[in-house]
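# Quick one, fold the following:
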Amino acid sequence: MDLSLHISNIDVKRLTTNHHPATSSTLGEMLIPNKAIHILGLGNLGKLVAHSLRKSHPEKQISLLFHRESLVEEWNRSGRYIQIERNGESDSRDRFGEESTKNGGDIHNLVVATKTYLTAQALLPLKERLRSDSTILFVQNGMGTFQRRTYRTAGMPEYCSIHVVSDRIG
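Below you'll find the predicted structure:
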């Protein structure tokens with residue numbers, strides 16, 4: 001299945017958790033209010049989430065996390081915006097902050113949109129920046145390795161608020 005076709009139907013404003021249907025809520029209710037949102041993983045899914053968050057929350061501080069300087073340079077060369085095309089219409093959003101995964105302040109709201117097999121490795125540099133009251137939202141295609149790899153390998157604090165959004169779990 002073409003990923004771009006699959007993700008084009010996601011409405012981030014109404015995004016719900018599949019992991020615990022009894023506690024389904026909108027994305028805004030999952031995140032800590034009045035705190036920046038950091039996005040890790042800037043492939044198709046991460047860009048879609050960033051774009052949709054910017055569109056629905058234009059005043060919110062949204063920071064994109066880059067793990068290599070070359071990716072920051074590429075982001076700067078491309079105009080520092082995310083463009084989504086739906087039904088032949090193009091919509092661009094900008095005003096995203098940028099940070100390195102290697103340094104920065106506390107992260108209160110983290111959206112993880114990496115490939116599942118890279119999640120634990122991608123979270124390692126952020127381990128010291130996450131707090132016990134941080135909210136982590138995993139938005140990934142398939143969750144087969146989620147708990148086993150993420151918690152054991154990255155050593156994430158088990159008391160963080162974790163939300164899982166996926167089309168497949170297990």
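
# Against which helices or strands is the strand ranked longest in the chain packed?
Of all the segments of type strand in the chain, defined by DSSP state E, the longest one is strand 130-140. The helices and strands touching strand 130-140, judged by 3 or more C-beta pairs under 8 Å, 6 or more residues apart in numbering; DSSP states H and E, are helix 27-30, helix 44-56, strand 107-112, strand 161-166. (Each C-beta comes from the backbone N, C-alpha and C, glycine too.)

# Try it again at 10 Å.
On a contact count with 3 or more C-beta pairs under 10 Å, 6 or more residues apart in numbering; DSSP states H and E, strand 130-140 meets helix 27-30, strand 37-40, helix 44-56, strand 107-112, helix 119-123, helix 146-154, strand 161-166.

# List the buried residues for it?
130, 134, 135, 136, 137, 138, 139, 140 (16 or more other C-beta atoms under 10 Å).

# Can you spell out which residues form a bridge with residue 92?
Beta bridges link residue 92 to residue 83, judged by DSSP bridges.

# and it, how far is that from residue 57?
Distance from residue 92 to residue 57, counting by C-beta to C-beta, to the nearest Å: 16 Å.

# who's more crowded, these two?
Using other C-beta atoms under 10 Å as the criterion, residue 92 and residue 57 rank with residue 57 on top: 16 against 12.

# how near is the more buried one to residue 109?
Relative to residue 109, and taking C-beta to C-beta, residue 57 is found at 11 Å.

# what pLDDT, on average, does stretch 84-96 get?
The average pLDDT within stretch 84-96 is 93.

# Specify the beta-bridge partners of the closest residue to residue 129 other than its chain neighbours.
Among residues not flanking residue 129 along the chain, residue 107 sits closest, at 4.6 Å (C-beta to C-beta, 6 or more residues apart in numbering). Counting by DSSP bridges, residue 107 is bridged to residue 130.
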